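> give the three-dimensional model of this entry:
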Amino acid sequence: MITHLKARLAATAVTLMIVLHPAAGHAQAAPLPAKHGDMAATPMAHISVQTVGKGTPVILIPGLSSPRVVWDGVVPTLAKTHQVYVVQVNGFGGDDPRANLSPGILDGIVGDLHTLITQSKLGKPAIVGHSMGGLVALMLAKTHPADVGKLMIVDSLPYIGEIFAPGATVAMLEPQARAMRDAMAGAYGKPTNPAANVAAATRMALKPASRTTVASWMAKADARVSAQAMYEDMTTDLRPDMGSIAAPITLVYPWNAGGPTKPAADALYRKAYADAPHITYVDIGDAAHFVMLDQPVAFQAALDDFLRR
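This next block holds a predicted model:
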């Protein structure tokens, strides 16, 4: 069952990373505070941040090629009792890539988050990260432990190489990651491939509406940024550091009848986080990678429980 799960996850990762194509002639946004809904976004070198609500701070970080609207289902409720900082990686959601056209995207995001937390005097906020955003949250906890109160990691692994081969190392995976990065970046400026985006989204979400939404996000992401961020994700291994991350971690992961099943998902994620000293596992069934879209009520409940702890 684990072998089947890893094969499925690997296919999902490869599909998502390779088929993302920007619209031809991708427009560059002006380097000014942008608007999403009725909230202004404050630009930084690697991210932009929208702030809404009052109360204890919560930072929401989306995943690879995802815009901040991935969190739209939870922000209104959170904002009633929390000050919510909603992150978007520059180059995703149609935004200007800014500093993300150079290597060091993930480290840059961590640096911007550190600046946000220290300059805004947020203390030790709760951090919620999905997919690549989960890896970034773990990196922040490792590099700046004083910045993090607690972590909610949504369907993310300390090292994505584990889904390609058990015991894989960065050195083993790097040539494949480099080839995928170069192929993906080479798609920049070329016509979109809607069918491929839909196929990738089908692996990422279960509900038809969720799949349509995810496919639309893929089409808006800057392939150059997605390619480099994907490469850095695939070549970052936090497994040796998990035992030193003191912040409590709540790991949310999905499963479904089509695979991964609950036993397979339980085994994979519990092994990956076995060294974390303070870990709570929350599985959500009948969901795929975008668990917040597939099961919004269950995800909101998990988020509420996390924030109450």
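> T192 and S216 touch, don't they?
No: proximity of T192 to S216 does not meet the contact threshold set by Cβ atoms under 8 Å, at 10.5 Å. Every residue, glycine included, has its C-beta placed from N, CA and C.
> neighbour count winner among those two?
T192 (17 against 14; other Cβ atoms under 10 Å).
> so that one sits in a strand?
No: T192 is assigned coil when assessed by DSSP: H, G, I helix; E, B strand; the rest coil, not a strand.
> for S102, see how far away it is.
If you measure T192 against S102 using Cβ to Cβ, to the nearest Å, the figure is 25 Å.
> can you give me the strands in the stretch 201-309 of the chain?
Here the stretch 201-309 of the chain has its strands, by DSSP state E, counting those that start in this stretch, at 249-255, 279-285.
> where does pLDDT dip in the stretch 1-150 of the chain?
Applying pLDDT under 70 to the stretch 1-150 of the chain picks out residues 1-38.
> show me where it has its strands.
Assigned by DSSP E, counting those that start in this stretch, the strands in the stretch 1-150 of the chain fall at 34-36, 39-43, 47-52, 56-61, 82-89, 126-130, 150-154.
> can I get those in JSON lines with mean neighbour count and distance to A246?
Shown next, in JSON lines, are these (neighbours: other Cβ atoms under 10 Å; distance: least, Cβ to Cβ, whole Å):
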{"stretch": "strand 34-36", "mean neighbour count": "15", "distance to A246": "34"}
{"stretch": "strand 39-43", "mean neighbour count": "18", "distance to A246": "29"}
{"stretch": "strand 47-52", "mean neighbour count": "22", "distance to A246": "25"}
{"stretch": "strand 56-61", "mean neighbour count": "24", "distance to A246": "18"}
{"stretch": "strand 82-89", "mean neighbour count": "25", "distance to A246": "22"}
{"stretch": "strand 126-130", "mean neighbour count": "27", "distance to A246": "14"}
{"stretch": "strand 150-154", "mean neighbour count": "25", "distance to A246": "10"}
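> including distance to Q228, could those go into JSON lines?
Listed next are the strands of the stretch 1-150 of the chain as JSON lines, based on distance: least, Cβ to Cβ, whole Å:
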{"stretch": "strand 34-36", "distance to Q228": "22"}
{"stretch": "strand 39-43", "distance to Q228": "19"}
{"stretch": "strand 47-52", "distance to Q228": "15"}
{"stretch": "strand 56-61", "distance to Q228": "17"}
{"stretch": "strand 82-89", "distance to Q228": "11"}
{"stretch": "strand 126-130", "distance to Q228": "18"}
{"stretch": "strand 150-154", "distance to Q228": "22"}
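> of all these, which one is nearest G111?
For the strands of the stretch 1-150 of the chain, proximity to G111 was assessed by Cβ to Cβ; strand 47-52 is nearest, at 9.7 Å.
> remind me what that closest one packs against, helices and strands.
strand 39-43, strand 82-89, helix 105-119 (3 or more Cβ pairs under 8 Å, 6 or more residues apart in numbering; DSSP states H and E).
> and the contacts of that strand?
Identification of contacts with strand 47-52 by Cβ atoms under 8 Å, 6 or more residues apart in numbering yields 33-34, 36, 39-42, 68, 75, 79, 83-90, 95, 109, 112-113, 116.
> so who does the closest residue to M184 other than its chain neighbours touch?
Among residues not flanking M184 along the chain, A227 sits closest, at 3.8 Å (Cβ to Cβ, 6 or more residues apart in numbering). A227 sits next to 17, 180-182, 184-185 when contact means Cβ under 8 Å, 6+ apart.
> export stretch 100-107 to CSV, keeping only CA atoms.
Taking C-alpha atoms only, stretch 100-107 is exported to CSV below (Å, rounded to 0.1, in the frame of the first residue of the first chain):
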residue,chain,number,x,y,z
ASN,A,100,11.6,35.5,-7.1
LEU,A,101,13.2,35.4,-10.5
SER,A,102,16.5,34.6,-8.7
PRO,A,103,17.4,31.5,-6.8
GLY,A,104,16.8,31.5,-3.1
ILE,A,105,13.0,31.8,-3.2
LEU,A,106,12.3,29.6,-0.1
ASP,A,107,15.0,31.2,2.0
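> which of the residues in it are buried?
With burial defined by 16 or more other Cβ atoms under 10 Å, the residues of stretch 100-107 counted as buried are 100, 105-106.
> and of those, the nearest to T250?
Closest to T250, out of all of the buried residues of stretch 100-107 and judged by Cβ to Cβ, is L106, at 21.5 Å.
> thank you kindly, that will do.
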